[in-house]
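*Asks:* Below are the sequence and a predicted model for it; my questions follow.
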Amino acid sequence: MNNEIVGWVAIVRSDSGHFVCCIIGFKSGILDPFMTEVIAACEAFLSFHSWHAKNAILEIDNRRLWDAYVASC
């Protein structure tokens with residue numbers, strides 16, 4: 001087992017809640033769970049941008065990430 005690789009996932013759903021796709025990735029290095037959540041959120045937004053998607057809703061289950069997002073707005 002390699003402890004220097006983290007994985008993340010973002011699940012994309014339609015406006016009616018149906019599954020669209022799953023975005024997954026891996027990153028080398030030792031990251032704490034918060035940074036892994038940041039990477040997942042950023043990758044999801046990059047994917048939405050490349051699809052020319054509009055009006056995306058990001059569901060965040062990490063309070064620290066939500067607080068950081070709100071503070072940046």
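*Replies:* All right, it came through fine. Numbers count the residues shown, from 1 in each chain.

*Asks:* so where's the protein shaky on pLDDT?
*Replies:* Low-confidence segments of the chain, defined by pLDDT under 70: 1-3.

*Asks:* can you do 90?
*Replies:* The model of the chain has pLDDT under 90 over residues 1-15, 17, 20-73.

*Asks:* I'd like to check what contacts whichever helix in it runs longest. Which residues are they?
*Replies:* Longest helix in the chain by number of residues, with DSSP state H as the criterion: helix 33-50. Residues outside helix 33-50 that contact it (CB atoms under 8 Å, 6 or more residues apart in numbering): 6, 8-10, 12, 23, 25, 27, 31, 56, 58, 60, 62, 64-65, 68-69. (Each C-beta comes from the backbone N, C-alpha and C, glycine too.)

*Asks:* how about that helix: buried residues?
*Replies:* Within helix 33-50, the residues that count as buried by 16 or more other CB atoms under 10 Å are Glu37, Val38, Ile39, Ala40, Ala41, Glu43, Ala44, Phe48.

*Asks:* can you check stretch 7-25 too?
*Replies:* Under 16+ other CB under 10 Å, the buried positions of stretch 7-25 are Trp8, Ala10, Ile23.

*Asks:* Figure out how far it is from the centre of its chain.
*Replies:* 9 Å (CA atoms, centre = their mean, to the nearest Å).

*Asks:* Check stretch 9-27 too.
*Replies:* Distance, centroid of stretch 9-27 to centroid of chain: 9 Å (CA atoms, centre = their mean).

*Asks:* What of stretch 44-62?
*Replies:* Taking CA atoms, centre = their mean, the mean C-alpha location of stretch 44-62 is offset from the chain mean by 8 Å.

*Asks:* same deal with stretch 19-34?
*Replies:* Mean-position distance between stretch 19-34 and its chain equals 7 Å (CA atoms, centre = their mean).

*Asks:* Next, Ile23: phi, psi?
*Replies:* Dihedral pair for Ile23: phi -110, psi 120, per degrees, to the nearest 10.
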